[in-house]
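> Have a look at this prediction, sequence included:
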Number of protein chains: 2
Amino acid sequence: MILHGYYRSTAAWRVRIALNLKGVATGHAFHHLRHGGQRAPAYARLNPQCLVPALELGDGAVLTQSLAICEWLEETHPDPPLLPGDAWQRARIRAFAHAIACDIHPVQNLKVQERLRALDVADAEVTGWASWVIGEGLDACQALLAGAPGPFCFGAAPTLADLCLVPQLYNARRFGCELSHLARLLAAETACNALAPFAAAAPDRQPDAE
Amino acid sequence: MILHGYYRSTAAWRVRIALNLKGVATGHAFHHLRHGGQRAPAYARLNPQCLVPALELGDGAVLTQSLAICEWLEETHPDPPLLPGDAWQRARIRAFAHAIACDIHPVQNLKVQERLRALDVADAEVTGWASWVIGEGLDACQALLAGAPGPFCFGAAPTLADLCLVPQLYNARRFGCELSHLARLLAAETACNALAPFAAAAPDRQPDAE
């Protein structure tokens, strides 16, 4: 298997964490998003969305979309579980993950920032846009954890929720979001970063890091 | 159970289709998104994201995020399946659904349009933004179906992919997207709209339709 990614893509980062937690080894291919590597014809044939990540399986099949890849990993490599518990618990974990993967990340990512600049929106307002999306989104995420035990988002072990949270907090800091009131989220992040599968997936540990 | 929605919310519409396909009856509560109903304190307590849909279960528990609700329905009411087939097939269906639910819909929705207007982006350019996001996204979606048998997105019965596609095509028309080259997607839509569970979920069939 080959994971196609970029060191600072938070979507690819989620999949790196999931692979590490499951103990699944893959090769890696890197595509420089700021240089348009994701739009190169060879990669566009692999993933018509021209986004990372994509997971190339040994038989030529390609999986796209970070959470669809994580669900596939969960079905094919169940231990340790990314979606533990009963249907209700799993729904809460997925809702938290989707609150980040649908409602925060795609609305603040590079493509949206480039489009805003093309509309002559000033740099400071582009940064303000990202920090608005992330700030409002993470406030809601902390509220979604009401009643869930720590130290991770949903209990004593990391889940799909945590592997979305950690990369999004990194992006929050890049865009200058105020985070001090998000104690529950920061505590989960601290618990995650103490684990080797999370540490090894961090952007600065990737071969294409700048 | 009570489904909280809005007739024209494509995310709530997905869940209405899923409930109808599974034969699960619920009550309905409507929140007028253009009048800010989703930000009313009583609803914000149910769903801290202040988005529809939310599914209130009988015991006071609340599920949020349309695809997390659909996954919960799939686990608790497996027939007919929204995610049929083996892990690879399920991953393809989820990837298509997420390509819409993550990378199209949240980047063109009402909240983003309002924010663009607050940055003094002209109305025509706000419409252009939506049609850019939807057009580029649906082109990729059609490519993601390469090799998948029809008439639905992934074979002889509707799946999670179709219940994301149909509402997104409705939004595409609202924003004037050119669709004639998307024959594979339009054929799947035609197959869906011939089914009662899809027809009954359409916006103009909802009690809050304007």
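Yep, that arrived.
> how's chain A carved up into domains?
If you go by automatic domain parsing, the domain ranges for chain A are A:2-80, A:87-197.
> same question for the longest one, mean pLDDT?
By that I understand domain A:87-197. Domain A:87-197 shows a mean pLDDT of 97.
> how about the domains of chain A in TSV, adding distance to B:Val121?
Placement of C-beta: from N, CA and C, glycine included. Below are those laid out as TSV (distance: least, CB to CB, whole Å):
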stretch	distance to B:Val121
domain A:2-80	24
domain A:87-197	6
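> Could you dump these into TSV with distance to chain B and mean neighbour count added?
Output for those, formatted as TSV (distance: least, CB to the nearest CB, whole Å; neighbours: other CB atoms under 10 Å in any protein chain shown):
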stretch	distance to chain B	mean neighbour count
domain A:2-80	3	19
domain A:87-197	3	19
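> Just the pLDDT at A:Ile17, thanks.
98.
> same thing with A:Arg34?
At A:Arg34, pLDDT is 87.
> if we look at stretch A:154-161, which residues are touching it?
Residues outside stretch A:154-161 that contact it (CB atoms under 8 Å, 6 or more residues apart in numbering or on different chains) are A:17-18, A:21, A:67, A:70, A:74, A:80-85, A:89, A:92-94, A:96-97, A:145, A:148-149, A:152-153, A:191-192, A:195, A:198.
> Alpha carbons of it, as CSV, please.
Extracted C-alpha coordinates of stretch A:154-161, given in CSV (Å, rounded to 0.1, in the frame of the first residue of the first chain):
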residue,chain,number,x,y,z
PHE,A,154,-14.3,9.6,24.3
GLY,A,155,-12.7,7.8,27.1
ALA,A,156,-9.5,5.9,27.9
ALA,A,157,-8.2,5.4,24.4
PRO,A,158,-8.0,7.4,21.2
THR,A,159,-10.8,7.2,18.6
LEU,A,160,-11.6,8.6,15.2
ALA,A,161,-12.5,11.8,17.1
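> if we can go back for a sec, out of the domains of chain A, which gets nearest to B:Leu186?
For B:Leu186, the closest of those is domain A:2-80, at 17.7 Å, according to CB to CB.
> Tell me where chain A has helices.
Counting by DSSP state H, chain A has helices at residues A:10-22, A:41-46, A:66-76, A:87-101, A:105-108, A:110-118, A:123-144, A:160-174, A:183-193, A:196-199.
> for the fifth one, packing partners?
Counting by 3 or more CB pairs under 8 Å, 6 or more residues apart in numbering or on different chains; DSSP states H and E, the packing neighbours recorded for helix A:105-108 are helix A:123-144, helix A:160-174, helix B:105-108.
> one more time with 7 Å, if that's ok
When contacts are defined as 3 or more CB pairs under 7 Å, 6 or more residues apart in numbering or on different chains; DSSP states H and E, helix A:105-108 packs onto helix A:123-144, helix B:105-108.
> Name the residues that touch the shortest one?
Contacts made with helix B:105-108 from outside it, assessed by CB atoms under 7 Å, 6 or more residues apart in numbering or on different chains, are listed as A:102-103, A:106-107, A:112, B:10-11, B:130, B:133-134, B:168, B:171.
> again, only using 10 Å
Here helix B:105-108 makes contact (CB atoms under 10 Å, 6 or more residues apart in numbering or on different chains) with A:98, A:101-109, A:111-112, A:115, A:133, B:9-11, B:14, B:51, B:66, B:100, B:112, B:126-127, B:129-134, B:137, B:164, B:167-168, B:171-172, B:174-175.
> B:Gly27 is nearest to which of the helices of chain A?
B:Gly27 lies closest, by CB to CB, to one member of these: helix A:87-101, at 19.0 Å.
> Convert the C-alpha atoms of the closest one to CSV, please.
Extracted C-alpha coordinates of helix A:87-101, given in CSV (Å, rounded to 0.1, in the frame of the first residue of the first chain):
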residue,chain,number,x,y,z
ALA,A,87,-24.1,2.3,18.0
TRP,A,88,-24.9,5.4,20.1
GLN,A,89,-21.3,5.8,21.2
ARG,A,90,-20.0,5.3,17.7
ALA,A,91,-22.5,7.9,16.4
ARG,A,92,-21.2,10.4,18.9
ILE,A,93,-17.6,9.7,17.8
ARG,A,94,-18.4,10.0,14.2
ALA,A,95,-20.4,13.2,14.7
PHE,A,96,-17.4,14.8,16.4
ALA,A,97,-15.1,13.6,13.6
HIS,A,98,-17.5,14.9,10.9
ALA,A,99,-17.9,18.3,12.7
ILE,A,100,-14.2,18.7,12.0
ALA,A,101,-13.9,16.9,8.6
